[in-house]
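>>> Okay, predicted coordinates and the sequence, questions at the end:
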Amino acid sequence: MSKLDTLPQLRLERPLVFFDLETTGTDPARDRIVEIALVKVMPDGSKETFSSRVNPQCHIPESTTAVHGISDADVAEAPTFADIAKRVAGFIEGCDLAGYNCNRFDMPMLSEEFYRAGVPVDLHSRKVVDVQVIYHKREARTLSAAHEFYCGYTFDGAHGALADTEATYNVLRGQLAKYDDLPNDVDRLDEYTTQRRVVDFAGRFVYNDRDEVVFNFGKYKGRLVSDVLAKEPGYFGWMMNSDFPADTKFQLQKIKKAIDLNSEKPGHA
């Protein structure tokens, strides 16, 4: 019996989808997915998997190929993300999500691809467990080291999306076995690992201590978005026409709509 066989099962009310992406780079606005892997863990512990290479319709830099081993030739005949977007959306429908460094990387990337494909999926509404956050709060290592630390052996296939996804699932189970005070339910794991103060996945807007939305970049960093847009209306147009991620623009539109509706209320000065 391996150590994996002794790890606790997750206590789930809904299916939890562990996922991992390999991409052309790290910028959600410019880079594209070249491989996606999803492992759906059901409340009874059974699993379903989906994985696919993806044609990014652009060149994969050689420096990136050196990391994950996927070249232009490897994805030349693969479907585009638009081709599989509805299938991916269906696979994760009604599910919470989990990954390794997914808050800062995989969630923004996946969100952008859904926007580009025109498939409406509200990832902001999902509970998210970032296994890396647990690891960094407790030990601070890489995924390969985390797997050896929690599961008792190293795993082959690092930087292959499906291998990384399975490893992330096993690491979370190992963390639950090691830390008695770590909650074994998605709601509290989401609270423990997610970026609560971030409005958009890229972190261009954040909440301040009064739960007001402020800019988190550039010359207006720390300023209320409502104040800036009131004094400089052109800033909205500049952001919408600039190379910001689609999710950032979508959240900006929601903020502006709320501001406009508030300004139309009777008695508003």
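All right, it came through fine.

>>> Show the contacting residues for the residue nearest the centre of the chain.
Residue closest to the mean C-alpha point of the chain, counted by Cα atoms, centre = their mean, is M107 at 1.5 Å. Counting by Cβ atoms under 8 Å, 6 or more residues apart in numbering, M107 touches 97, 99, 123, 128, 201. From N, CA and C alone the C-beta is placed, and that goes for glycine too.

>>> mind running it again at 7 Å?
123, 128, 201 (Cβ atoms under 7 Å, 6 or more residues apart in numbering).

>>> Repeat that for A246.
112, 115-116.

>>> nearest to E166, of those residues?
E112 (24.7 Å; Cβ to Cβ).

>>> and the residue lying closest to the closest one once chain neighbours are set aside, how many residues sit next to it?
Leaving aside its sequence neighbours, E112 sits nearest to P28 (Cβ to Cβ, 6 or more residues apart in numbering; 4.5 Å). Counted by other Cβ atoms under 10 Å, the residues lying close to P28 total 24.

>>> Now do the phi/psi pair for P28.
When quoted as degrees, to the nearest 10, the phi and psi of P28 stand at phi -60, psi -30.

>>> buried residues in the host helix or strand of the residue nearest to the centre of the chain?
Per DSSP states H and E, M107 falls inside helix 107-117. Within helix 107-117, the residues scored as buried using 16 or more other Cβ atoms under 10 Å are 107-115, 117.

>>> next SSE after that helix?
As assigned by DSSP H and E, the chain's next helix or strand after helix 107-117 is strand 128-130.

>>> That next one: partners in the sheet, and parallel or antiparallel?
Strand 128-130 sits in its sheet next to strand 96-99 (parallel), going by DSSP bridges.

>>> what are the ranges of the strands in the stretch 101-250 of the chain?
Applying DSSP state E, counting those that start in this stretch to the stretch 101-250 of the chain gives strands spanning 128-130, 205-207, 213-215.
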